[in-house]
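Asks: Sequence and predicted structure, then a few things I'm wondering about:
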Amino acid sequence: MLRIFSLVIALAWLPFAVSAQELQTLLQSHRDVIIKPSRKSVGPVLDTLVASGLPTVPGFLEAWQDKSIYLRAEDDLFYVGTTGGAGLVLLDVETGAEVVAGIGKKDAKQIKPNGGVRREIGSALVAFQLSDPDIARRTQALDALARALDPAQLGPLVASIDGEPDAALKARKQKLANYLQARFGETPTIRVAAIQNLSSDLSVEGRAVLSQILETTTLVAQELPDGTNVASILTPGEGGLARDVAYQMLVDDHDLPARVGPADIRRALEANLDGGTVGGVPVAQLDSDDMRLRAYDALVTEGAVPARVDAEAMDAAFADWGFYTVYVESDPTITEAAETAQASVKTRVGLSQTADIGMDAISLASIYFLAAIGLAVTFGVMGVINMAHGEFIMMGAYTGYVVQQIVPDYTLSLIVALPLAFAVTFGAGVAMERLVIRWLYHRPLETLLATFGISIALQQLAKNIFGTQARPLTSPGWLDGAWVINDVIQISYIRIAIFVLALAFLCLLLFILKRTRLGLEVRAVTQNPRMAASMGINPEKIKILTFGLGSGIAGIAGVAIGLYAKVTSEMGADYIVQSFMTVVVGGVGNVWGTLAGATMIGGFQKGVEWLNPSNTLAAQTYMILFIILFIQFRPKGIVALKGRAAGD
Amino acid sequence: MQRSFLAQNPSVMWFLAALGLFTVVVTLLAEGTGSSVISTSFVKTLGKVLCLCLIAIAMDVVWGYCGILSLGHFAFFGIGGYSVGMWLMYARTEAIVETSMASSVIPPTPGEVQDAIAAQIFGVVGASEFPAIWMFSHSLVLQLLMVVLVPGVLALVFGWLAFRSRVTGVYLSILTQAMTLALSLYLLQNDSGLRGNNGLSGLQNIPGFDHLPQSTVSIVFFWASAVALGAGYLLFARVLSGKMGSVIRAVRDDEVRVRFLGYHVESYKLFVFTLTAIVAGIAGALYYPQAGIINPTEVAPIASIYLAVWVAIGGRGRLYGSVIGAAFVSLLASWFTGGGAPNINLGFYTIQWTEWWLVLLGASFVAVTLFFPGGIGSLFDRLKGEAK
């Protein structure tokens, strides 16, 4: 590889060695134009320079554009000049070697091309930059090109495509060339072909090109001029054109009498006050629109103010004039092709957006699932409503934060934080179960209140310890960024990780409940605690373990949620109501139910957000209303337990 | 009948007497009547506490007597406040706009006045037109009707849906909490028509009574709150006495058995739920003119949970218990959070009550639920027991 590389470099330098004086000679032959270039005259010279294929030409052009070419009086040759500490230093145009330093301003004449010429030089330079050996410079040149599509650069761009060694850059070049051809191609056939290529392009740039081709203006005319490419005919008062707006166009462009609005009437009346009356109406009576109109009409008959334009006059004006939206592009075949392409792009974008919303919904559902699954265990299995569950989530997140303060490596700290968060909240859950909840098993409403008391206290404690501002829980570098499927669909890695975590917990819980001794005992205690006890199961132990497990999962959920949102003392409270909804909607006492509930709530919320994207608050409001209604029709949730397990 | 009812329920008489005495004493000591022992702001605080006591009674009836733990009654309270607030804000802005327009050359048309009021009120949320829900805001009578009707109808519909499908216990609590969460999220939107998170403000200025100083206004509202509390207490004491009260208590104790006995349980629950919602709305309508401002955080789920906390600490199943709980905890809260309580210096750490008050409240709440389920009100029973 290295050998090939050095070979390439050697080959690149070869012509330079051979034609040591060629550039200077070439420059001398166009001496007059180079010294005093104009926009018109510089073109052929640039063409010659580019056509010469000399490797030193780009350097010269850059210097020329940069106003650092000097003509030395002594030998009448061109030099590149730099101004350093020692005054002006002249360098050889070919070799770049220093020729003379510290010469006065009179000895060398600076060549200052004007702005227009410099732009011409710039676009000639693009040709070189596009095939520059340095990939960074090529990318830079393409970025500049993409920012402002310039028809002049089509040629150099197309020419550079074949020699492009980098596949991604080559694709980008082809894409840009296609954009340029779509907008500025020489013949309609070329343009239509390029436009058709765009119909599968979802990128913002491609869509911008199409909408630029389809740019329209509104035209008001009595007769359509020949050769206008009409997009649609507008009727005032219908569609997007309001009557007032349409009439105002006539006023602005075609000198029709202006409309007189309420504010104008008021001003006119004020201006024509005549000793307590206006147009014969006493001022005190002017507090209604009718009286004001009467007074104004009286002023009109006096000739003091212009007449009002009423609806009939407007109709007459609209009958005379036609309103059209007209394509700026005059060739109908091109606009037709662009319309077709745009419609196809829109369909594709719509499909992709639907897919994107679907992925968002899945990731939201996994967050709800993670937040709620612990609750499903405690609430579903034990019938204990734990209002402090949200605070366990918060505890887990703060555990992650504290670990990150001690362990600086983000990946390692995450690995430490997950089990630690589980342990901390497992402990907290067990402590709470032993100290508070076990006294209240037969009074579920009071459990709710007692755990709520704990929730208030924990929240305030967190605030006292960590302060009120949000704490960051930084995700490791490999979780940064997003998985980009196309220009519309992308999903961040953190959300994928949360999805994977949710999936893992779903499997883990299902395994524990269905395949282990503990799960068997938990299910037995759920269905009939007394019978379970007489079969030798210790219900107390099972309750402790179940509660600890549910709380521990909340802790892990806390770390996951903290990675994706900020860690605050109120973060638990944000999730608690949603978590309960998830459990209740899904059906109590069933892992699958929680999954269904989370999917439904996440999907519904994203769906509403899609219909009204600016307003997430409205989405939540409607979601809650929907849940309230849903509970009416399926009070036991989506997956309702049947038979004796259902209890009452 | 009236006499015998009071004679049967001596606690009602005691309560009304205590409330009357309290009202008279506060009035005599207040700034508005000249003696200035109690400042205007404290009179307002006391008036607000009376309103909170009223909603606490409502909560006690629905929870302590009927067994429905509603975590959404503050939504009704807020709706009452918003209903009155709309009129207060409209009428006051109208007065301001009319004054500012009086100096113009040509008298303004009603349309211009409307536009100016709308621009004043909704400027903060970038709108300049009245949304549909403000259609009655020009009329005090209609808005006062809304104070009663909106919470009543909402509770009726919500309760009918919930009780019909036999949503009970914890599920119902969660559902009512969802209701108040939905309301607060809705109000938070700028295009809800109720000024988003700015809420309604300037409610302490009563239109048409601008000449009265706030000290007098505060006394008037204090009296109104006291009368409402007394009337509410009497109303609920009547409802809960006699056969109907027995059924309501029986629903709390064993709903299924009451149903088997042939009572239509849903109707009783719906009646209690709706009536308490209306009373909550009235309490809110009296509270917010004294508070001066209402915004969506007032109806956040946490507020309704605090309500349950007050009632639990005061003592469920006793009307006076809930009054004591609400008054005690809310006054204590304002004492602690207002910096009234002295900080405790432990040497290595200073407990600042503004920070630690909620921890204390949460812990004591757990303690009350665990060890003292009767709440403060049960102390009276013990006294009674000792007297016997």
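Replies: That came through fine. Source: prediction; values computed, not measured. Numbering: from 1, shown residues only, chains lettered A, B, ... in the order given.
Asks: Around chain B, pick out the residues from the stretch 201-350 of chain A.
Replies: For the stretch 201-350 of chain A, the contact set with chain B under CB under 8 Å from any CB of the partner chain comprises A:Arg266, A:Leu269, A:Glu270, A:Leu273, A:Val278, A:Val283, A:Ala284, A:Leu286, A:Asp287, A:Ser288, A:Asp289, A:Arg292. (Each C-beta comes from the backbone N, C-alpha and C, glycine too.)
Asks: Kindly recompute the last result at 7 Å.
Replies: Counting by CB under 7 Å from any CB of the partner chain, the stretch 201-350 of chain A comes close to chain B at A:Arg266, A:Leu269, A:Glu270, A:Leu273, A:Val283, A:Ala284, A:Leu286, A:Asp287, A:Ser288, A:Asp289.
Asks: what's the distance between the residue nearest to A:Arg39 when sequence neighbours are not counted and A:Thr48?
Replies: Once flanking residues are discounted, A:Arg39 sits nearest to A:Gly116: 4.1 Å by CB to CB, 6 or more residues apart in numbering or on different chains. Distance of A:Gly116 to A:Thr48, given as CB to CB, to the nearest Å: 19 Å.
Asks: Can you tell me the element A:Leu91 falls in?
Replies: strand A:87-92 (DSSP states H and E).
Asks: Name every strand pairing with that strand and say which way it goes.
Replies: strand A:78-84 (antiparallel), strand A:98-103 (antiparallel) (DSSP bridges).
Asks: so what secondary structure elements neighbour the helix or strand harbouring A:Ser352?
Replies: Under the criterion of DSSP H and E, A:Ser352 resides in helix A:332-375. Where contact means 3 or more CB pairs under 7 Å, 6 or more residues apart in numbering or on different chains; DSSP states H and E, helix A:332-375 is packed against helix A:188-197, helix A:204-213, helix A:389-406, helix A:493-515, helix A:539-564, helix A:571-586, helix A:591-611.
Asks: can you redo the ones you listed as JSON lines with mean neighbour count, distance to A:Gln153 and mean pLDDT?
Replies: JSON lines is the format used below for those (neighbours: other CB atoms under 10 Å in any protein chain shown; distance: least, CB to CB, whole Å; pLDDT from 0 to 100):
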{"stretch": "helix A:188-197", "mean neighbour count": "18", "distance to A:Gln153": "15", "mean pLDDT": "84"}
{"stretch": "helix A:204-213", "mean neighbour count": "17", "distance to A:Gln153": "15", "mean pLDDT": "83"}
{"stretch": "helix A:389-406", "mean neighbour count": "25", "distance to A:Gln153": "49", "mean pLDDT": "92"}
{"stretch": "helix A:493-515", "mean neighbour count": "16", "distance to A:Gln153": "37", "mean pLDDT": "88"}
{"stretch": "helix A:539-564", "mean neighbour count": "25", "distance to A:Gln153": "43", "mean pLDDT": "89"}
{"stretch": "helix A:571-586", "mean neighbour count": "26", "distance to A:Gln153": "52", "mean pLDDT": "82"}
{"stretch": "helix A:591-611", "mean neighbour count": "22", "distance to A:Gln153": "40", "mean pLDDT": "86"}
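Asks: I'd like to know which of those lies nearest to A:Thr474.
Replies: Closest to A:Thr474 of the helices and strands packed on helix A:332-375 is helix A:389-406 (CB to CB; 6.6 Å).
Asks: In terms of secondary structure, what does whichever helix or strand comes after the closest one contact?
Replies: Note on helix A:389-406: by DSSP H and E, the next helix or strand toward the C-terminus is helix A:410-435. Using 3+ CB pairs under 7 Å, 6+ apart as the contact definition, the elements that helix A:410-435 packs against are helix A:389-406, helix A:539-564.
Asks: Check whether the shortest one comes near chain B.
Replies: I take that to be helix A:389-406. No - against chain B, helix A:389-406 shows no contacts by CB under 7 Å from any CB, the least distance being 10.2 Å.
Asks: how many neighbours does A:Ala355 have?
Replies: 14 (other CB atoms under 10 Å in any protein chain shown).
Asks: Leaving out the residues flanking it, which one is nearest to it?
Replies: Nearest residue to A:Ala355, sequence neighbours excluded (CB to CB, 6+ apart): A:Ile489, at 5.5 Å.
Asks: surely that neighbour meets A:Ile357?
Replies: No - contact criterion CB atoms under 7 Å: A:Ile489 and A:Ile357 do not qualify, at 9.7 Å.
Asks: and the strand holding A:Leu91, which residues are buried?
Replies: Residues of strand A:87-92 classed as buried: A:Leu88, A:Val89, A:Leu90, A:Leu91, A:Asp92 (neighbour count, 16 or more other CB atoms under 10 Å in any protein chain shown).
Asks: can you pull the contacts of residue 131?
Replies: Assuming you mean chain A. A:Ser131 makes contact with A:Ser160, A:Gly163, according to CB atoms under 7 Å, 6 or more residues apart in numbering or on different chains.
Asks: that answer is for a different chain, and I need it for chain B
Replies: If a contact means CB under 7 Å, 6+ apart, then B:Pro131 has B:Gly193 as its contacts.
Asks: State the distance from it to chain A.
Replies: Distance of B:Pro131 to chain A, given as CB to the nearest CB, to the nearest Å: 15 Å.
Asks: One more: B:Val329?
Replies: B:Val329 sits 12 Å away from chain A, going by CB to the nearest CB.
Asks: just B:Asn295 next, same as before
Replies: Remark: distance between B:Asn295 and chain A (CB to the nearest CB) = 14 Å.
Asks: which residues touch that residue?
Replies: Contacts of B:Asn295 by CB under 7 Å, 6+ apart are B:Asn197, B:Asn198, B:Gly199.
Asks: gap between the spatially closest residue to the second one that is not a sequence neighbour and B:Leu194?
Replies: Nearest-residue entry for B:Asn198: B:Val124, 5.0 Å, with adjacent residues in sequence omitted and distances by CB to CB, 6+ apart. According to CB to CB, B:Val124 stands 11 Å off from B:Leu194.
Asks: Who has more neighbours out of those two?
Replies: B:Leu194 (25 against 14).
Asks: part of a helix, is the more buried one?
Replies: No - assessed with DSSP: H, G, I helix; E, B strand; the rest coil, B:Leu194 is coil; it does not lie in a helix.
Asks: right, and it touches B:Tyr186 too?
Replies: No - judged on CB under 7 Å, B:Leu194 makes no contact with B:Tyr186 at a distance of 8.8 Å.
Asks: For the nearest residue to B:Gly314 once chain neighbours are set aside, which three-state class applies?
Replies: Using CB to CB, 6+ apart and skipping the chain neighbours, the partner closest in space to B:Gly314 is B:Gly325 (1.8 Å). What three-state DSSP gives for B:Gly325 is helix.
Asks: and B:Gly325, how many residues sit next to it?
Replies: Residue crowding around B:Gly325 was assessed by other CB under 10 Å; the count is 29.
Asks: Tell me who's in contact with it.
Replies: Residues counted as contacts of B:Gly325 (CB under 7 Å, 6+ apart) are B:Ala56, B:Trp310, B:Val311, B:Ile313, B:Gly314, B:Gly315, B:Gly375, B:Ile376.
Asks: Run through the residues that contact the fifth one.
Replies: Yep, that's B:Gly314 we're talking about. By CB under 7 Å, 6+ apart, the contact list for B:Gly314 reads B:Ala56, B:Gly321, B:Ser322, B:Val323, B:Ile324, B:Gly325, B:Ala326, B:Phe328, B:Gly375, B:Ile376, B:Gly377.
Asks: before we move on, what about A:Pro188?
Replies: Counting by CB under 7 Å, 6+ apart, A:Pro188 makes contact with A:Asp331, A:Thr333, A:Ile334.
Asks: now swap in B:Gln204 and tell me
Replies: B:Gln204 touches B:Gln214, B:Pro289, B:Gly292, counting by CB under 7 Å, 6+ apart.
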